[in-house]
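Q: give me the fold of what follows.
(2 chains)
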Amino acid sequence: MFGYIPMGIAFGILFQNLGYEWYFSPLMGLLVYAGAAQFMALGLLAAQASLLEVAVAIFILNSRHLFFGVSLLDRYRAKGLAKLYLIFGLTDETYSLVTSSHSPDAGDEQQYYLALTAWNHFYWVSGCAIGALIGEAVDFDATGMEFTLTALFVVLLIEQAKKLRQAFPFIVALLSGIFALFFFKEQMLLISIGLTLLLLMAQKSFNGEAL
Amino acid sequence: MRENTYLLAVILVMMVVTFFTRVIPFIALHDKKDHPLLLHLGQYMPPAMMTLLVLYCLKTIDFAHSPYGFNELSALLLTTVIHLWRGHSLLSIFAGTFYYMTSLQLGWFG
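A: Model (predicted):
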């Protein structure tokens, strides 16, 4: 979970390059609290993207969360505000910690999840602040630092491949992605995700119950 | 200094959309979580999404002109090799990024 500090610093430095005041970086970390989405926002902000464009891009990027929640439905039993906060803080990192770690015992479980979420959040906001302050104080050439996002996705991709050990979904996505890059470059993400979804659903209905 | 209202609006939109995607399964799917199609997509969509997001990041590469995406592709390869070797996410991300920044700023590949 300490990974959030260096990642936050990288985000903060890149954010500072956009020319806003430094405190907007931790503010974004506090209110949005999404690693990949915030890195993606850097590109959108630089391009002065419209709010609709921002909403669509972030929704698509975050759509992987739609599948996170399903496996946590039984684990998150807290009520009210506590539950809202757990859901708000459901980042990739928190998700993998919650699903892979063993909490003390059944009674403390919800407290444990809350603490985990809050500490991750705190590390992330701190990282965003430190990075922005570094970016403001030091004249630092951050050219190429945006590769952090690409590298993050590559790492997540390898982790998925290690877990699944099946080539099928990767090949479907690769082909859909290349197709969309060639024919619908501007709407690449939307088109390729739609296509992948359709192909996976078609595969399911062909294979029927055999899966 | 750029316009702060625009930034604040972007932050608010991101906040709402991100919370929305995180909360949907808890409201909409709680009685359907054993549905076979949902289980199928839940298993195969995340790996597919990661593949698409990597491709998305490479969208702006110009393969027709020098250096033909060599900076990006070599950094991608390096990140992959280091991750398969050590399996430490942070190390892989920062090594790959450091290499990419260096190769770009020093103009190794033109």
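
Q: which residue is nearest the centroid of the chain?
A: I went with chain A, as the question did not name one. A:Ala36 (4.0 Å; Cα atoms, centre = their mean).

Q: wrong one, I was asking about chain B
A: The structure's chain B has its C-alpha centroid closest to B:Leu53; by Cα atoms, centre = their mean the separation is 4.8 Å.

Q: that one - nearest residue in space that isn't next to it in sequence?
A: A:Phe153 (4.4 Å; Cβ to Cβ, 6 or more residues apart in numbering or on different chains). From N, CA and C alone the C-beta is placed, and that goes for glycine too.

Q: what residue ranges in the chain score low on pLDDT?
A: If you meant another chain, say so; for now it's chain A. A:1-2, A:67-71, A:100-107, A:208-211 (pLDDT under 70).

Q: chain B was what I was after
A: Checking chain B against pLDDT under 70 turns up B:1-2, B:29-30, B:33.

Q: kindly recompute the last result at 80.
A: B:1-2, B:29-34, B:38, B:42, B:110 (pLDDT under 80).

Q: now the helices: where do they sit in chain B?
A: B:4-28, B:36-57, B:70-86, B:89-105 (DSSP state H).

Q: and the strands in chain A?
A: With DSSP state E, there are no strands along chain A.

Q: domains of it?
A: A:4-163, A:166-211 (automatic domain parsing).

Q: pick the most deeply packed of these.
A: Comparing those on average neighbours per residue, with mean count of other Cβ atoms under 10 Å in any protein chain shown, the densest one is domain A:4-163 at a mean of 19.

Q: could you check how far the residue in chain B that chain A sits nearest to is from A:Asn62?
A: Across chain B, the shortest distance to chain A (Cβ to the nearest Cβ) belongs to B:Pro25, at 2.7 Å. B:Pro25 sits 12 Å away from A:Asn62 when distances are taken as Cβ to Cβ, to the nearest Å.

Q: next: B:Leu106.
A: 36 Å.

Q: likewise for A:Met28?
A: 15 Å.

Q: can you check B:Leu41 too?
A: Where A:Asn62 is concerned, B:Leu41 sits at a distance of 16 Å (Cβ to Cβ).

Q: and what of A:Leu200?
A: For A:Leu200, the distance to A:Asn62 (Cβ to Cβ) stands at 19 Å.

Q: which residues touch A:Ala129?
A: Taking Cβ atoms under 8 Å, 6 or more residues apart in numbering or on different chains, we find A:Ala129 in contact with A:8, A:12, A:22-23, A:25-26, A:29.

Q: got these as a markdown table, with distance to chain B columns?
A: Listed next are these as a markdown table, based on distance: Cβ to the nearest Cβ, whole Å:
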| residue | distance to chain B |
| --- | --- |
| A:Gly8 | 12 |
| A:Gly12 | 14 |
| A:Trp22 | 12 |
| A:Tyr23 | 11 |
| A:Ser25 | 10 |
| A:Pro26 | 11 |
| A:Gly29 | 10 |
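
Q: surely the residue nearest to B:Leu53 touches A:Ala36?
A: Yes: under the criterion of Cβ atoms under 8 Å, A:Phe153 makes contact with A:Ala36 at 7.4 Å.

Q: which residues touch residue 17?
A: The chain I'm using is chain A. A:Asn17 neighbours (Cβ under 8 Å, 6+ apart): A:135, A:142.

Q: the chain in question should be chain B.
A: So B:Val17 contacts A:55, A:58-59, A:62 (Cβ under 8 Å, 6+ apart).

Q: farthest pair within those residues?
A: A:Ala55 and A:Asn62 (10.5 Å; Cβ to Cβ).

Q: where along chain A do the helices fall?
A: So, for chain A - with DSSP H - the helices run A:4-16, A:24-31, A:35-46, A:51-62, A:65-72, A:80-88, A:92-100, A:109-137, A:147-164, A:168-183, A:188-207.

Q: list the helices and strands the second one packs on?
A: Using 3 or more Cβ pairs under 8 Å, 6 or more residues apart in numbering or on different chains; DSSP states H and E as the contact test, the elements touching helix A:24-31 are helix A:4-16, helix A:35-46, helix A:109-137, helix B:4-28.
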